[in-house]
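# sequence first, then the predicted structure, then my questions.
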Amino acid sequence: MGLMDGKGCILTGGAGSLGLASAKLLLDAGARVLLVDRNPDDLARAVVELGSDSVLTAVADVTRADDTQAYIRQAMEAWGRLDVLFSNAGLSGTNAPITAYPEDIFDAVIDVNIKGSFLALKYAIPHMTAGASIIVTSSIMGVQARPNSVGYIASKHALIGMVRCVAREVAIRNIRVNALAPGPIDNAFQATIEGRMSRMMGIDATAMLDQMIPMGRHASPDEIARTVLFLASDQSSFSTGSVFMADGGFNA
């Protein structure tokens with residue numbers, strides 16, 4: 001028997017590197033997955049890469065309540081149950097001091113990162129089974145800070161507060177809610193952030209971060225996905241309201 005046999009799992013940001021790596025592990029463990037993303041071409045490529053009959057997809061804007069309700073309804077109609085919600089969709093925003101940070105970009109980051117998770121939890125929780133697991137992607141920047149990234153950092157701190165609040169609300173139903181806080185990952189999302197940092201600071205931001213991480217490197221998406229699998233499975237049955245660091249010692 002697999003660790004996740006028969007369990008239904010929704011992953012937002014499902015076509016990105018972490019979503020895809022997590023989907024692979026969940027599928028290998030026996031789960032059924034619904035990948036939610038805004039780009040249909042990315043979802044189509046993800047389905048081909050996963051090569052499994054247990055994959056559904058939904059094109060959605062996670063900031064819209066009707067889109068959120070639609071992908072949850074799709075999962076329930078397909079499986080009749082919902083065991084795992086991995087709220088992973090996110091925006092990085094831009095790099096600028098607060099006095100120059102564009103209001104429209106700040107609004108977009110808050111909308112996707114905070115409201116997207118709020119809507120996912122709001123509409124998924126009524127359908128979740130006893131023993132279910134909710135995982136929300138925060139960041140190492142949800143527990144510390146750096147200059148010139150106020151939108152991203154504010155949103156990632158807020159998600160940890162949301163997780164702690166909701167974990168207390170749903171514990172009576174034996175539903176777990178935890179935050180995942182990755183350090184820098186070797187993927188396109190992080191490369192975009194580090195490219196902006198490099199241009200702004202006039203240094204190689206990737207090399208700088210590797211020097212700051214005690215393990216001396218970025219994580220692979222697969223390494224972070226293993227923490228997702230742990231939190232999704234019954235292996236984490238007594239863990240809720242917590243922040244799980246996967247950062248190579250960055251926050252030590």
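Ah, there it is.

# do you know the pLDDT at the most far-flung residue of the chain relative to its centre?
Using CA atoms, centre = their mean, the residue of the chain lying farthest from its centre is Gly202. It sits 30.0 Å away. Note on Gly202: pLDDT of 82.

# ditto for the one 3 residues further on
Ala205 is assigned 78 on the pLDDT scale.

# what does Arg196 give?
So, for Arg196, pLDDT stands at 85.

# likewise Ile114?
So Ile114 comes in at 98 (pLDDT).

# so it makes contact with Tyr152?
No - if you go by CB atoms under 8 Å, Ile114 and Tyr152 don't touch, sitting 11.2 Å apart. C-beta: built from backbone N, CA, C; applies to glycine.

# so between these two, which is more surrounded?
Neighbours per residue (other CB atoms under 10 Å) separate Ile114 from Tyr152, with Tyr152 holding more: 26 against 20.

# do you know how far that one is from Ala205?
Going from Tyr152 to Ala205 by CB to CB, to the nearest Å gives 14 Å.

# which stretches in the stretch 151-252 of the chain count as helices?
188-201, 205-212, 221-232 (DSSP state H, counting those that start in this stretch).

# er, the stretch 1-150 of the chain I mean
Per DSSP H, counting those that start in this stretch, the stretch 1-150 of the chain carries helices over the ranges 17-28, 40-50, 65-79, 103-110, 116-124, 150-170.

# show me what counts as buried in the shortest one.
The reference is to helix 103-110. The neighbour-count check on helix 103-110 (16 or more other CB atoms under 10 Å) flags Ile105, Phe106, Ala108, Val109, Ile110 as buried.

# with pLDDT and distance to Ala219 added, can I get these in JSON lines?
Listed next are these as JSON lines, based on pLDDT from 0 to 100; distance: CB to CB, whole Å:
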{"residue": "Ile105", "pLDDT": "98", "distance to Ala219": "26"}
{"residue": "Phe106", "pLDDT": "98", "distance to Ala219": "27"}
{"residue": "Ala108", "pLDDT": "98", "distance to Ala219": "26"}
{"residue": "Val109", "pLDDT": "98", "distance to Ala219": "22"}
{"residue": "Ile110", "pLDDT": "98", "distance to Ala219": "26"}
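
# helix or strand with the lowest mean pLDDT in the protein?
When the helices and strands of the chain are scored by mean pLDDT, DSSP states H and E, helix 188-201 comes last with a mean of 78.

# between the helices of the stretch 1-150 of the chain, which one is nearest to Leu91?
Closest of the helices of the stretch 1-150 of the chain to Leu91 is helix 103-110, at 4.9 Å (criterion: CB to CB).

# in this protein, which residue is most central in space?
By CA atoms, centre = their mean, the most central residue of the chain is Asn88, 2.1 Å off.

# mind giving me the domain ranges of the chain?
Listed domain ranges for the chain are 8-183+221-237, 186-218 (source: automatic domain parsing).
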